[in-house]
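Visitor: The following comprises the amino acid sequence and a computationally predicted model.
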Amino acid sequence: MTTATKEPKKVTAKDFQVSSPVDWCPGCGDFGILSALQQSLARLGRQPHEVAVVAGIGCSGKTHYYLNAYGVHTLHGRMLPYATGIKLANPEMTVVGVGGDGDGMGIGAAHFVNSGRRNVDMTYILFNNAVYGLTKGQAAPTLPLGLQTKSLPKPNVQGQINSLMLAMASGFTWIGRAYSYNVKHLVELMVKAIEHEGLSYLDVLQPCPTYNNLYTKDWFAGKDLAGGMPRIYNLQDEGYDPVISEGMDDTEVFEKINAFTQKAHEWGEEIPAGVFLDNRAITTFGERISEQVPTYLTQPPCRRRIADDRGHATADLSSIFEELRIT
Amino acid sequence: MTTATKEPKKVTAKDFQVSSPVDWCPGCGDFGILSALQQSLARLGRQPHEVAVVAGIGCSGKTHYYLNAYGVHTLHGRMLPYATGIKLANPEMTVVGVGGDGDGMGIGAAHFVNSGRRNVDMTYILFNNAVYGLTKGQAAPTLPLGLQTKSLPKPNVQGQINSLMLAMASGFTWIGRAYSYNVKHLVELMVKAIEHEGLSYLDVLQPCPTYNNLYTKDWFAGKDLAGGMPRIYNLQDEGYDPVISEGMDDTEVFEKINAFTQKAHEWGEEIPAGVFLDNRAITTFGERISEQVPTYLTQPPCRRRIADDRGHATADLSSIFEELRIT
Amino acid sequence: MGLGRRLNNVDDTQHQLAWRVGGPQGSGVDSAAGIFSRACALGGLNVLGRREYYSNIMGRHSYYDVRVSDAEITCHRDRVDLLTTFEAESLARHFISVVEGGAIVFSEKDEDTPLDKITYLDPRAARDLTAMLEDSDLPASTAGTLEYARGHGVNTFRIDFDAVVETLAERLGAPQAIAARTLNTLAVAVSCALVGYEVEYVHEALAKTWPGRQKIIDMNVSAVSLAYEIVRDSLDTSGFDIELHATRSRESRIFLNGSQAVALGKMAGGLAFQSYYPISPATDESVFLEAHQNFTTKDGGSGAVVVVQTEDEISAFGMAAAASLTGARSSTATSGPGLALMVEGMGWAGINEAPIVVTLYQRGGPSTGLPTRSEQGDLNLALYGGSGDFPRIVLASSDLTESFYDAAQAFNYAERYQTPVVHLIDKALSSQTQTVPPFDMDPVRIERGSIADPERDNPDGGDFPRFRVTESGVSPRSLLGTAGLTHWTTGGEHTEVGRVTEDPVVREQQMEKRMRKLDLAASEIPLAEKLQVYGNPEAAFTLLSWGSNKGGILEAMDMLKVDGVEARLLQVRLMSPFPREELSELIESAAPLVAVESSFSAQLAQALRQHTGRACEHLVLKYNGRPMSARELYGAFKEILGGAAERRVVLRNPYE
Amino acid sequence: MGLGRRLNNVDDTQHQLAWRVGGPQGSGVDSAAGIFSRACALGGLNVLGRREYYSNIMGRHSYYDVRVSDAEITCHRDRVDLLTTFEAESLARHFISVVEGGAIVFSEKDEDTPLDKITYLDPRAARDLTAMLEDSDLPASTAGTLEYARGHGVNTFRIDFDAVVETLAERLGAPQAIAARTLNTLAVAVSCALVGYEVEYVHEALAKTWPGRQKIIDMNVSAVSLAYEIVRDSLDTSGFDIELHATRSRESRIFLNGSQAVALGKMAGGLAFQSYYPISPATDESVFLEAHQNFTTKDGGSGAVVVVQTEDEISAFGMAAAASLTGARSSTATSGPGLALMVEGMGWAGINEAPIVVTLYQRGGPSTGLPTRSEQGDLNLALYGGSGDFPRIVLASSDLTESFYDAAQAFNYAERYQTPVVHLIDKALSSQTQTVPPFDMDPVRIERGSIADPERDNPDGGDFPRFRVTESGVSPRSLLGTAGLTHWTTGGEHTEVGRVTEDPVVREQQMEKRMRKLDLAASEIPLAEKLQVYGNPEAAFTLLSWGSNKGGILEAMDMLKVDGVEARLLQVRLMSPFPREELSELIESAAPLVAVESSFSAQLAQALRQHTGRACEHLVLKYNGRPMSARELYGAFKEILGGAAERRVVLRNPYE
Ligand SMILES: Cc1ncc(C[n+]2csc(CCOP(=O)(O)OP(=O)(O)O)c2C)c(N)n1
Ligand SMILES: Cc1ncc(C[n+]2csc(CCOP(=O)(O)OP(=O)(O)O)c2C)c(N)n1
Ligand code: SF4
Ligand code: SF4
Ligand SMILES: [Mg+2]
Ligand SMILES: [Mg+2]
């Protein structure tokens, strides 16, 4: 039922803004992500109704409320299946998933891993703040072992998931990392992530000033370091090439994976951001469905004509009845 | 309530055997795994009652029935939480988890990923047959994209999870791969996996002659290859050193991870088996609990005295009442 | 139920037969049953099959009951005329279930196997059988069982199948291993020959079984000839006078099972998106859909169902629920453990008014329970799964035809009332194979409910009030992707445009709006879709039931009628909204009111009491995972009518 | 409930007060309430606090009602004597809830804020308030609300808090930003000063709030002095004559909330393993346990609870269920969406007879619903979640003391009947803070049920029949790790030793054995643990309720008594096994029978009808997420008694 607007007008970030109040804490990194998303969608020329922003549950999971588009707030950890359902049923929509690190790497990890296998053409933006914001600061799977944020009664007893490595092992075909206070770079990466044909994963380092007093704006800015230099640098500035293209030989692919692995493990005084992986050699799930269902793109599930004007079913099952017919 | 047997007798594989009928298909790779597990437990000198074999649901999930020990058949995909509960409540038990690839990498992937973070001292043996055996041969997350086993009506539309990479990204501290028909090597690896202090992951290539006509005994034996040489080789024969020890510097660790990554991706004419990773630098969850609960090992949850002889509760909450006391 | 107590409901014309074939899983029991069923159907007979199997791939015991008749069949028969066995275990398990005058066909090699050498025979069964045989001074072996059967008037026919295969191999000039592939056909043919069934239909069945594969057909045709020869020439069938003959009336019939009927109903109803996670006994539906995902449409176009295998049931539900928001008719299929994982999503669909259909194939519970056996133990989960209150439609089908139309209608309910629908099937029904007339597509109507039009429903643009508070409770819904109708959806309580709110007034309004839809559904859905009355509508003896039990009850009612007892059956089709008014009226005159359910707790009777206050005087229950037979039900009803029955009458049969 | 219709249940001694403080989340409302509560408790008064907050970390509106009295308090008061506000939003939301003769304290800066400038005021509320103020010819601003209040006999006291902070900073010689940290204390102190409360208890409360942190205490003491000065010197309190005074009777009291009471009860009951996944409003319990995980034992040893944060609720349940098999008393805590994910596990625990306790903190549903508000909408999920039939114990607590003992007793039920136990709490109860006598440990008994002894129960060794069929249904259980008792456990149907089986007879035996335990529990559990009768046991006017509603009902019953109306309350504590017999008898004389529940669907009333056939004549319901007040209940009861009430009486209050 997607109906094209009659005279597609030029969209701006404003078109994606809404007036309802934002209820994040002052200084929350989420603000930067929201703003970048609005800018990115505008830059990509999407109309609000062509976009579904699908969210998990958490502070991060409120992002879609602050955005003019189809906003789908799902269940904790379940963003990916819902986003997948929307995209597969209406392949014309631009689907962007947003959610927290607890949501995505904890309760939602089975979907994370298995979505990688499908490579549906959509984008996952993970708000990596290393805590469970909305439930008051418990350790998220992204918090390293032994660290103790101010919200924890004791040092973290569980280890850390390296979200980039997990995305790679799961088969995401585009993997990037950004920092929520560098909105310009964030927009650049979001645009690339959304443009990527396949499942893209953008890990956004997102300070939570309320609960996470370790990974703060100051810390990322390197204020604690001798040189006082920002920790985050841009991989692409270094000439890091993330592209795996079709037909690349195994050795080259291994090199890419090794480079990826090395960069994905870099953390501390220098933290890489940018595009880590851009694998163009894998078909999207939509392409795979099209192979089995030739009418998939011309008559996607959301628009199939299932009834005639009198409300009679249009399905003609006679060939199947024939197959089952015995007399 | 673990009571030591009075005169610990020398155990043999026989002690772990039972007489009940095994209902796997003839030629199923599961037989080799069962036999190896019985041998390994005996070699390690465990008494049956000291062992809990915890299983998922699937053909693989029947293994514990054929084994004399505490056998816990859990829910599909949930083996790891149950195994964790047993081990944490009774740290004296040897806990071995068994389950299928659908069970572990599909529905159970969130537990897989997050168990890596905990590093509980137990062993996970995954039966990797690339199909859902017990539900009649659907594609498992370990089946590569585009392959079509005889049980599939169409080629597999979902990509493959590299289980070794996933285990690494999740933080498993010991990772190995074996082949179910090489029982000798399997025993060797199982013994190492169980001995490892922390969470070990043993991926077992397990032919399913009923549904998977691609990864067959013959295929592993390389019968289709020009040279007719077995595909599987032993990493350790090549001198591959999987050990990460405490205090190793970053460069060395990266080298290990790169080597791991390379080997984990090797598949086709040559398939490595053996110990891929043996990370000794990470504390176990039990050690971490002990730091916070000093009595954890001397009075583990399963054996805490909670009542006196007259059935009165022994807990003395007066200090907490004191803390809450207002007048 | 005591041994030897055999209520003889043998069908007594020459156009009726109850046949059972048993053997290890993976050995061809299913395909033997398929050939036999086809042969009978081709001869113009109605066929009803019942399949029992273990949660196992190879080796454990399975069996298939095929009942054929020129009359309508609604239920299997648990006392069979003819038993064909592939192994010793089948002899041990089923010798007791053959009627007097019936026959057992067995293989020479199985003639004298000690019970304790039968690998998979349950220890309990082995123990009880041994005791029983010992009581009759018989050995605890298949020889003992055969002797016992003979002592009870059953014919036993021994065939040396190995020798037969050898002969066949010789005739065909084929290796023995190849000839051995006809074993199933041989077994069927021996059975057919024994009852004198017209061989041409067996031949035709072979052609239908392997369409286009002439070589295989030819080989099997030879096997059939050989079998007929052997029966004619080498067996002494003098004491056996059961016959089966074709009627040759060839009305148009399709042959399928319950899960296929549901799949077809879904396709008829416009299903466009199905996500699923494999689980017995639900998988078959999705596999069938996948195999038939592309089809034509009457307007000359083509239809298609996108079928996605997910990583778990949580994902299966979520994908379909989300897909339903785009306007695609969306569904998933699962059984109890899967639904348990979906109930969080059910609440989400409820509060977001998402029209998703869940087909629930009930199996034995609790937990993993009896994965391949039947039960009706998930009604409560379907009715109450999920936190808090939200409306849902729950309906249950009782036979294949109903399954087809209900599966289509479920989407209309879902879209008209914009709420999740659970369509209950039970394993007995889903695996029941049957010949039925091809489903008439004409009655299948598509009602999409209230879909918003941007110009009509949101003329000023801006956030679209998707959850507008209306008198009926139904609000025009926007399909994701439509210009001019953007809004939010959320599992949190929300305002009309779908923003999370904790405002107490808006909360009350939305809660009440949602729940009003149940009243609307209750008032709109016609009586016939809520319940069906069978039998004598004036009868005091009233049975209350649902799902696959219907078949057995109808037959048992026929048996009662022969005894001069009038009865009526109230078959409940809609459980939510519960047909409170309608049932209250109907049960007023019930005396006694007897619930018939395949569960320990009689969940429909619970619901009845909750909604009407009326408790059933008797509960006829079965919860061993096997479907009820007419014979069992008849016995229970007689017991109740005789005044001797306890409140709970449990149907037990240790030989199933 | 119409505006202005104020049932004046102002407490009328000088030892009673209802105080409300409101402000943005994260601004110190909780700590202000804490100081005020402590100050009152230290003066010998009983304290009951009620906390309302949004699912938000910072910025949205929260408020705290603290009611104090020398008499016992069972419920908050929704019309307060004194309202203290930190921001304009609190004025807008609560001005209407102050009693005639009461007072509002507000900050000068909030004196004239237009309603449409209040960021988080719900549009619905803003609209309604604007209309209401316009009706009274008042501006749609806080000025309008203040004027309205004054017009209805409410005193309004304006304080220039910025100036006060400045003065304080000067006095202390501290920067203003530091002095500003005392804002909460200032607000409390102004309130205390207004009612003339003895300042020494406020000082003492500060010391209790920051034990050992003398600098902070000193600064706050100065703030208190300043506030008392200002009230004395600069406010015209002539029209305000509500007073509050300490009683100085200092009985031993602890001050805690419902979730802490549960946590303590679990520790008393021997909890050794708790796994959890964070979710409102259940998290607090686990956090408290974690913070107090090591403690001493009476035998001079030390106890401990291992607390594990898991990746989800499925894991939380599974870990605890498995831990329970080893003999560790094990538990988890969650709310509705979490329980939804646990129901598959519940079935597993049911069929494996695993003694796990789930504490269920009910919040507003369905789905994500109202995560931080209260409801009683999960009873059905607790009773029916899971596929198939299995026994479970479900109980519900109604106040802090009951919560403590029930939490301990839940483990006894779990181990005696070897089955999962769901212990229901509701958010209103879990967040209710209260002064209560320290819990007496003496009545806490530990009953571990039947634990197998290898020599007694398995003398011959071999597989241990863990699931031995017994008359009572209870079998001696083996704790994992015990020599001589190895066996299997499985979610599949199983034999006595725990092997999967599909044998129909064994199935029936095990199903019946398990379900018998419910009969056993019904027969053994004493009446007092099943239900409590309050009020006049002979009264016809009968209220049926559960959970936190009790507090309000008891107070409303007292109010009825003043009117000469006798009433009784049947508080149901055990929902499974349902006290059918006991309730049937009790309700026979009920006229009318009125269910009081915090849900749309009145799930206890549903259960009552299901089990007894009796429908309640009236349902008094509240489902806007806020707890019932005595005033509301009294109003509803009067309506019912007056004969004017519909069957459903919904309690509505747009100002909560
Ligand atoms: C099934 C379920 N379990 C638990 C919760 C409670 N819950 C809400 S948000 C949240 C975690 C949020 O953390 P994260 O995903 O990291 O998001 P953030 O708030 O940090 O952005 C949890 C556990 C829930 N809503 N649903
Ligand atoms: C919640 C739930 N969903 C689905 C199933 C059905 N089921 C049983 S086994 C199985 C898959 C088995 O595959 P795998 O884990 O690879 O084990 P294998 O049989 O191959 O050893 C499934 C889906 C189940 N038991 N529970
Ligand atoms: S708690 Fe943290 S993540 Fe949540 S809104 Fe506040 S700052 Fe942002
Ligand atoms: S189906 Fe495959 S995995 Fe299962 S028992 Fe048979 S051979 Fe083994
Ligand atoms: Mg987070
Ligand atoms: Mg598998």
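Guide: Structure's in. What do you need? Ligands and ions are numbered 1, 2, ... in the order given.
Visitor: Domain ranges for chain C, per the record?
Guide: As assigned by automatic domain parsing, chain C contains the domains C:16-244, C:255-436, C:454-524, C:528-650.
Visitor: quick one: is the last one near chain D?
Guide: Yes. If you take C-beta under 8 Å from any C-beta of the partner chain as the test, domain C:528-650 does meet chain D, through C:599-601, C:606-607, C:609-611, C:613-615, C:623-626, C:650. (Glycine included, C-beta is placed from N, CA and C.)
Visitor: what's the closest of those residues to B:Leu134?
Guide: C:Gly625 (17.5 Å; C-beta to C-beta).
Visitor: In which helix or strand does the residue nearest the centre of chain C reside?
Guide: Centroid-nearest residue in chain C: C:Leu429, 1.1 Å away (criterion: C-alpha atoms, centre = their mean). Assigned by DSSP states H and E, C:Leu429 belongs to helix C:427-430.
Visitor: Let me know whether A:Phe285 touches A:Arg117 as I believe.
Guide: No. A:Phe285 is not in contact with A:Arg117 according to C-beta atoms under 8 Å; the separation is 9.0 Å.
Visitor: and for these two, which residues touch both?
Guide: Jointly contacting A:Phe285 and A:Arg117 under the rule C-beta atoms under 8 Å, 6 or more residues apart in numbering or on different chains are B:Gln158.
Visitor: what's the first-to-last distance across stretch C:208-219?
Guide: 14 Å (C-alpha to C-alpha, to the nearest Å).
Visitor: Which of the residues of domain C:528-650 next to chain D fall within helices?
Guide: C:Gln606, C:Ala607, C:Arg609, C:Gln610, C:His611 (DSSP state H).
Visitor: bridging residues for the residue nearest to A:Arg325 when sequence neighbours are not counted?
Guide: Spatially, and ignoring its direct neighbours in sequence, A:Arg325 is nearest to C:Ile254 (5.2 Å; C-beta to C-beta, 6 or more residues apart in numbering or on different chains). Beta-bridge partners recorded for C:Ile254 (DSSP bridges): A:Arg325, C:Val436.
Visitor: and the helix or strand hosting C:Leu518, anywhere near chain A?
Guide: Per DSSP H and E, C:Leu518 falls inside helix C:504-524. No. Residues of helix C:504-524 are not located near chain A by C-beta under 8 Å from any C-beta, the shortest gap being 14.0 Å.
Visitor: what mean pLDDT does that helix have?
Guide: Mean pLDDT, helix C:504-524: 98.
Visitor: next SSE after it?
Guide: Next element after helix C:504-524 (DSSP H and E): helix C:527-530.
Visitor: Just the CA atoms of the helix holding C:Leu429, as CSV, please.
Guide: Extracted in CSV, the C-alpha atoms of helix C:427-430 (Å, rounded to 0.1, in the frame of the first residue of the first chain):
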residue,chain,number,x,y,z
LYS,C,427,-1.9,-33.2,16.5
ALA,C,428,-4.5,-35.8,15.9
LEU,C,429,-6.2,-33.5,13.4
SER,C,430,-3.1,-32.2,11.8
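Visitor: what pLDDT, on average, does it get?
Guide: If you average the pLDDT over helix C:427-430, you get 98.
Visitor: One more: stretch C:368-383?
Guide: Averaged across stretch C:368-383, the pLDDT comes to 98.
Visitor: Relative to the whole chain's centre, how far out is that stretch?
Guide: A distance of 13 Å separates the centroid of the chain from that of stretch C:368-383, by C-alpha atoms, centre = their mean, to the nearest Å.
Visitor: Can it be said to contact chain B?
Guide: Yes. Stretch C:368-383 is in contact with chain B by C-beta under 8 Å from any C-beta, via C:Thr368.
Visitor: returning to that earlier point: doesn't C:Gly258 make contact with the residue nearest to the centre of chain C?
Guide: Yes. At 4.3 Å, C:Leu429 counts as touching C:Gly258 under the criterion of C-beta under 8 Å.
Visitor: in the chain, which ranges drop under the pLDDT threshold?
Guide: As the question left the chain open, I've gone with chain A. Scanning chain A for pLDDT under 70 picks out the ranges A:1-8.
Visitor: Actually, chain C is the one I wanted.
Guide: C:1-12.
Visitor: Up against ligand 2, what does it have?
Guide: The interface of chain C toward ligand 2, taken as C-beta under 6 Å from any ligand atom, is made up of C:Tyr277, C:Pro278, C:Ile279, C:Glu313, C:Pro337, C:Gly338, C:Leu341, C:Thr368.
Visitor: Assign the residue sitting nearest the centre point of chain A to helix, strand or coil.
Guide: Centroid check for chain A by C-alpha atoms, centre = their mean gives A:Tyr124 as the closest residue, at 0.9 Å. Recorded secondary structure, A:Tyr124: strand (DSSP: H, G, I helix; E, B strand; the rest coil).
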